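>>> have a look at this prediction, sequence included:
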Amino acid sequence: SFVVRTDQAFAPHVLDMFEPQVHPNDFAYPGGPPIPPYDLTGWTLAYQMKVRFDRILDPFDGPFEKVQDWNLDPRPGRIVGSGDGFLLDHRVNDAFKVVNRALAQGGQVWWIKEPVTVGGQSYPAGAFYVEIDRGQMEGLARDLGVDARAVGERPRGEAMELPRVRVGLVDQYGGSMPSGWTRLVLEDFGFDFTVVFPPELDRGNLNAKYDVLIFPDGAIRAPGGRSFGGGMDPASVPAEYRDRIGSISAETTVPKILEFVRNGGTAVTVGGSTSLAFYADLGISDFLVGPDGTRVSNDEFFIPGSLLEVDLSHATPALDGLGDSVVVMYDTSPVLRVEDRAPGVTVLGRYGAQPLRSGWAWGQEKLDGGVSLAEAQLGQGKMFLFTPEVTFRGQPHGTFPLMFNAIYYGPASKGRLIGEQR
């Protein structure tokens, strides 16, 4: 635990990181529409980073040790107990770093689907069980600052073995900021991936190369919309990069993506790319469009960039490691409507009537009941729909587990269980 005092010169910055921003309503004229803010209005870092904290208003003191260096190295992780297997808490984001490195070093990893208690320590559903040389695990724990518990036998109960996942991150020639930030996050947490451009998607046969395809915000447009990345003169591009030029089209690319999912692949869609669901006939539509086809106007509803709370359902393991709710960055994000009998669709998260936690949200009550997060079974594969930007500018560690879980859960859900033999 850390004590961050506010009787110091940097007190305004401290409050800016821990307390919600409150943007005022500003109207063009009495009774008129609101003047929208120029940019983001809510960014409270503690909310985005899933930091638990308490604001203490009364004076207090204790045996505190002053932090001398702003760039704190993680303390070395500890291994408690003895045995050839190791348990990791799924609630710790850096546990994914251990998982990725352990798999790269030839270890075996399982995702336990039920709560487990060992040596008086309880782990909620989702704990990782790793079998690897103890010396290797000690090195991983030490370097990454992640604690592990050694056990002498495999945990009982249902668990999924995690494979080495072949991940493709979709980008476009000329660059995509959402894809670039996602690339930073995947690199930081040790995920192995390949950058994929639309012409490769158009060629099809994607299951031969990938288990998971990630579509950042802006990669896929809703029916009738325009995708980025097209219309470039190939003569203006160096020859070695011309095979990257193009955009995802509804006519050619989307059928290849849906074929990939139906054949057992996993599509992770973020932000506007969740419109892939509209092409898949899943019983999903735009929550902000009325029965007459009219979309809610900006005068009635507008959230340019604020932190909202999403209530989670924990209907599938895709939400393991998260609590009952999560704070997301809503930046003019889509909102989905899921029909009651939508085939194969599981709602993972919805907005309530007053979801604003930091910033400005005009007409936020119109979000009430709207779906923010969903999982869909399509043929033999899975589609994950994350309407907020869960890797927004590489910052919201609180929502990174949504991406990480989706990468592993899709392929692992069809894999070998912990008690099965090879």
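Okay, I see it. Residues are numbered from 1 along each chain as shown.
>>> where does the stretch 151-300 of the chain dip in pLDDT?
224-231 (pLDDT under 70).
>>> which stretches in it count as strands?
159-161, 167-170, 193-196, 212-215, 266-270, 284-286 (DSSP state E, counting those that start in this stretch).
>>> and for the stretch 1-150 of the chain?
Remark: strands assigned in the stretch 1-150 of the chain by DSSP E, counting those that start in this stretch are 79-80, 85-88, 108-112, 116-118, 121-123, 128-131, 148-151.
>>> return the distance of the last one from the chain's centre.
Read that as strand 148-151. 27 Å (Cα atoms, centre = their mean, to the nearest Å).
>>> adjacent strands (with direction) for that strand?
strand 79-80 (parallel), strand 85-88 (antiparallel) (DSSP bridges).
>>> lowest-confidence stretch among those strands?
Among those, strand 79-80 carries the lowest mean pLDDT, a mean of 91.
>>> who touches that strand?
86, 119, 121, 134, 137-138, 141, 147-150 (Cβ atoms under 8 Å, 6 or more residues apart in numbering). Heads up, the C-betas are built off the backbone N, CA and C, glycines and all.
>>> now the lengthiest strand in the chain: buried residues?
Using DSSP state E to define each element, the chain has its longest strand at strand 345-358. By neighbour count on 16 or more other Cβ atoms under 10 Å, the buried set for strand 345-358 is 345-352, 355-358.
>>> now do it: which elements does it pack against?
strand 306-312, strand 371-378 (3 or more Cβ pairs under 8 Å, 6 or more residues apart in numbering; DSSP states H and E).
>>> mind putting these into JSON lines with distance to residue 177 and mean neighbour count?
Shown next, in JSON lines, are the helices and strands packed on strand 345-358 (distance: least, Cβ to Cβ, whole Å; neighbours: other Cβ atoms under 10 Å):
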{"stretch": "strand 306-312", "distance to residue 177": "19", "mean neighbour count": "23"}
{"stretch": "strand 371-378", "distance to residue 177": "21", "mean neighbour count": "24"}
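>>> so which of those strands is nearest residue 272?
With Cβ to Cβ as the measure, strand 371-378 is the member of the helices and strands packed on strand 345-358 nearest residue 272 (13.8 Å).
>>> tell me the mean pLDDT for the closest one?
For strand 371-378, the mean confidence score works out to 96.
>>> by how many degrees do that strand and strand 266-270 diverge?
160 degrees (axes from the mean of the first three to the mean of the last three Cα atoms, to 10 degrees).
>>> and for residue 203, the neighbour number?
11 (other Cβ atoms under 10 Å).
>>> returning to what we had before: of the strands paired with strand 148-151, flag the one that's most buried.
Most buried of the strands paired with strand 148-151, by mean neighbour count (mean count of other Cβ atoms under 10 Å): strand 85-88, with a mean of 26.
>>> which of the contacts of strand 79-80 tops the neighbour count?
Most surrounded of the contacts of strand 79-80: other Cβ under 10 Å gives residue 86, at 28 neighbours.
>>> so what's it up against?
79, 129-132, 137, 148-151.
>>> rerun at 6 Å
Taking Cβ atoms under 6 Å, 6 or more residues apart in numbering, we find residue 86 in contact with 130, 137, 148, 150.
>>> how about residue 103, nearest residue that isn't a chain neighbour?
residue 164 (5.5 Å; Cβ to Cβ, 6 or more residues apart in numbering).
>>> an error on my part: the question was meant for residue 337.
residue 287 (4.2 Å).
>>> pretty sure the one you found is touching residue 335, no?
Yes. The criterion here is Cβ atoms under 6 Å, and residue 287 meets it with residue 335 at 4.0 Å.
>>> rewinding a little: as TSV, the strands of the stretch 151-300 of the chain with distance to residue 392 and mean neighbour count would be great.
Below are those laid out as TSV (distance: least, Cβ to Cβ, whole Å; neighbours: other Cβ under 10 Å):
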stretch	distance to residue 392	mean neighbour count
strand 159-161	29	21
strand 167-170	16	24
strand 193-196	19	16
strand 212-215	14	26
strand 266-270	9	28
strand 284-286	21	18
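>>> got TSV for those, with distance to residue 239 too?
Shown next, in TSV, are these (distance: least, Cβ to Cβ, whole Å):
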stretch	distance to residue 239
strand 159-161	44
strand 167-170	23
strand 193-196	19
strand 212-215	27
strand 266-270	31
strand 284-286	41
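>>> what's the closest of those to residue 92?
Closest among the strands of the stretch 151-300 of the chain, using Cβ to Cβ: strand 159-161, at 18.0 Å.
>>> give the other helices and strands that the closest one contacts.
strand 108-112 (3 or more Cβ pairs under 6 Å, 6 or more residues apart in numbering; DSSP states H and E).
>>> which secondary structure elements does the strand it packs on contact?
Against strand 108-112 (3+ Cβ pairs under 6 Å, 6+ apart) you get helix 95-104, strand 128-131, strand 159-161.
>>> what's the second one in contact with?
So that's strand 128-131. The contact list for strand 128-131, computed with Cβ under 6 Å, 6+ apart, reads 85-88, 95, 99, 102, 107-110, 112, 155.
>>> need those in a markdown table (columns: distance to residue 371).
Below are the contacts of strand 128-131 laid out as a markdown table (distance: Cβ to Cβ, whole Å):
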| residue | distance to residue 371 |
| --- | --- |
| 85 | 38 |
| 86 | 37 |
| 87 | 33 |
| 88 | 31 |
| 95 | 28 |
| 99 | 29 |
| 102 | 35 |
| 107 | 37 |
| 108 | 36 |
| 109 | 31 |
| 110 | 30 |
| 112 | 28 |
| 155 | 33 |
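>>> on that earlier part again, the residue nearest to residue 337: what's it in contact with?
Contacts of residue 287 (Cβ under 6 Å, 6+ apart): 335-337, 370.
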